[in-house]
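Participant: can't give you the sequence, but here's the structure:
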């Protein structure tokens, strides 16, 4: 039974329709069936007053059958016509029954409900239809109320008949008000849940782009994001000869291998609570000590570098085994910030970035090349190869070291 009801509700709902439009179709389908079944169900209570009640009995058969066309119209994709057809024929039904049963039955109160239902059966973008239907129902209510004030009912029946009619009307009104309110409640809460889900997705996406503290500042204030750290550590990791090796691969394979390697690096960076800044082609950039200062920024980056090197040497996947990496690290002051309005990132500038990049490019595959500043900070807790003096582009002669392991 539940499956049948679900199928009826979804008549006319296609995969191309957005959920915000589909819900109005389901409500129209539901109301056409529920109201039709209710009208049909009151026939037994009207039979004892036959033939006086014959026209109301006729309406209780005719309109439920007529409303089956609402399902057909929705099935054909005539969504707006289906809504208009149901609401205006419902008004006719109420007017006919009100004139038959008189003012005492309060049947014309359904016109007020139809006026309200217009706001639930049409999407907000169809405000002109909402307005027309709602005003039509209100005008009919006032007209019927005025007419019945001066005219008695057409049906000649004992008082018990009108009392029964009033009771049926009030019960039906309560049920329909409950149904419409329940629909609105569920729709509202579903919309709130979807909004919260989308908000969480947006938050997650933003945190994948920016550090948490920077994301909070960007959301709370419309200001330039600019930071300066007196001391931070930068790491560059580059896949050796990746361009040459990738020339014989399919594009999907290239992207797949890079994704596997960099995803593993992402995990390592998170484990050490560092900041991934960006990837540049087949290079990977990490920072520590900015935007949040930490005393162990240099040691944390060194441990991260050792884990990166180990993961590559052990082979992250079968496809990544042929690849080697060079890693360069430098410690010094750095400037960071967010530039632009679209596709922005949290980026770093300054001599520290250039020096870290030079450490990587002047290094050796399978090794971690560090500057003198890094060596001075880590020499008591880490093992290094003997110092070397090399000519570095833009820097001249520099004293550098290869980091081997933690003591």
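Facilitator: Thanks, I have it. None of these values were measured; they are calculated from a predicted model.
Participant: check which helix or strand covers the closest residue in space to residue 123 that isn't next to it in sequence.
Facilitator: In this structure, residue 123 finds its nearest non-sequential neighbour in residue 24, 5.6 Å apart by Cβ to Cβ, 6 or more residues apart in numbering. Heads up, the C-betas are built off the backbone N, CA and C, glycines and all. Under the criterion of DSSP states H and E, residue 24 resides in helix 19-41.
Participant: and residue 347, what element?
Facilitator: Per DSSP H and E, residue 347 falls inside strand 346-349.
Participant: How about the helix or strand following that strand, which residues are buried there?
Facilitator: Heading C-terminal from strand 346-349, the first helix or strand you meet, by DSSP H and E, is helix 351-361. Using 16 or more other Cβ atoms under 10 Å as the test for burial, helix 351-361 gives 352-360.
Participant: what about helix 351-361, average pLDDT?
Facilitator: Rounded to a whole number, the mean pLDDT of helix 351-361 is 90.
Participant: Now do it: which elements does it pack against?
Facilitator: strand 226-239, strand 325-338, strand 368-371 (3 or more Cβ pairs under 8 Å, 6 or more residues apart in numbering; DSSP states H and E).
Participant: Let's have the ones you listed in TSV, adding mean pLDDT, distance to residue 284 and mean neighbour count.
Facilitator: Output for the helices and strands packed on helix 351-361, formatted as TSV (pLDDT from 0 to 100; distance: least, Cβ to Cβ, whole Å; neighbours: other Cβ atoms under 10 Å):
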stretch	mean pLDDT	distance to residue 284	mean neighbour count
strand 226-239	88	4	22
strand 325-338	90	9	23
strand 368-371	94	13	28
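Participant: give me every residue that touches residue 271.
Facilitator: residue 307 (Cβ atoms under 8 Å, 6 or more residues apart in numbering).
Participant: got it, and residue 32?
Facilitator: Contacts for residue 32 (Cβ under 8 Å, 6+ apart) come out as 67-68, 70-71, 86.
Participant: Of those, keep whichever come out buried.
Facilitator: Buried by 16+ other Cβ under 10 Å: 67, 70-71, 86, out of those.
Participant: Out of the residues you listed, which sit inside helices?
Facilitator: Among those, the ones falling in helices (DSSP state H) are 70-71, 86.
Participant: Could you dump these into a markdown table and include distance to residue 232 and pLDDT?
Facilitator: Shown next, in a markdown table, are those (distance: Cβ to Cβ, whole Å; pLDDT from 0 to 100):
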| residue | distance to residue 232 | pLDDT |
| --- | --- | --- |
| 70 | 67 | 94 |
| 71 | 66 | 94 |
| 86 | 67 | 95 |
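Participant: out of those residues, who's nearest residue 226?
Facilitator: Distance to residue 226, by Cβ to Cβ, is smallest for residue 86 among those, at 60.1 Å.
Participant: wait, that closest one sits on residue 72?
Facilitator: No: if you go by Cβ atoms under 8 Å, residue 86 and residue 72 don't touch, sitting 11.7 Å apart.
Participant: mind checking how far residue 20 is from residue 187?
Facilitator: Taking Cβ to Cβ, to the nearest Å as the measure, residue 20 falls 9 Å from residue 187.
Participant: how about the strand holding residue 347: buried residues?
Facilitator: Neighbour-count burial for strand 346-349 flags 346-348 (criterion: 16+ other Cβ under 10 Å).
Participant: Which strands and helices lie in contact with it?
Facilitator: Going by 3+ Cβ pairs under 8 Å, 6+ apart, strand 346-349 lies up against strand 275-280, strand 325-338.
Participant: Ok, which of these comes nearest residue 91?
Facilitator: Among those, strand 325-338 comes nearest to residue 91, with 58.0 Å by Cβ to Cβ.
Participant: quick one: the closest one to helix 351-361, angle?
Facilitator: Interaxial angle, strand 325-338 versus helix 351-361 (axes from the mean of the first three to the mean of the last three Cα atoms, to 10 degrees): 160 degrees.
Participant: how far is strand 325-338 from where the chain is centred?
Facilitator: Its chain's C-alpha centre and that of strand 325-338 lie 35 Å apart, by Cα atoms, centre = their mean, to the nearest Å.
Participant: which regions of the stretch 251-400 of the chain lie under the pLDDT threshold?
Facilitator: For the stretch 251-400 of the chain, applying pLDDT under 70 flags the ranges 316-322, 343.
Participant: mind running it again at 90?
Facilitator: 251-261, 275-282, 289-295, 311-324, 334-354, 361-366, 385-396 (pLDDT under 90).
Participant: re the thing from before, and which of the buried ones among the contacts of residue 32 is nearest residue 243?
Facilitator: The shortest approach to residue 243 among these belongs to residue 71, at 61.9 Å (Cβ to Cβ).
Participant: dump the residue contacts of that closest one.
Facilitator: Contacts for residue 71 (Cβ under 8 Å, 6+ apart) come out as 8, 11-12, 29, 32-33.
Participant: residues in contact with stretch 94-101?
Facilitator: Taking Cβ under 8 Å, 6+ apart as the rule, stretch 94-101 contacts 53, 55-56, 59, 105, 107-108, 110-111, 114, 140, 144, 147-148, 153-155, 161-162, 165.
Participant: that older thread, which of the helices and strands packed on helix 351-361 sits closest to residue 250?
Facilitator: It is, among the helices and strands packed on helix 351-361 and with distance given as Cβ to Cβ, strand 226-239, at 17.5 Å.
Participant: so what strands line up beside the closest one?
Facilitator: Its sheet considered, strand 226-239 pairs with strand 283-288 (antiparallel), strand 325-338 (antiparallel) by DSSP bridges.
Participant: between these, which gets nearest to residue 136?
Facilitator: Short answer: strand 325-338, nearest of the strands paired with strand 226-239 by Cβ to Cβ, at 54.7 Å.
Participant: Hey, what's the angle from that closest one to strand 275-280? Just curious.
Facilitator: Using the same axes, to 10 degrees: strand 325-338 against strand 275-280 is 110 degrees.
Participant: sorry, back to before: could the ones in helices among the buried ones among the contacts of residue 32 go into CSV alongside distance to residue 306?
Facilitator: Formatted as CSV, these follow (distance: Cβ to Cβ, whole Å):
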residue, distance to residue 306
70, 70
71, 68
86, 71
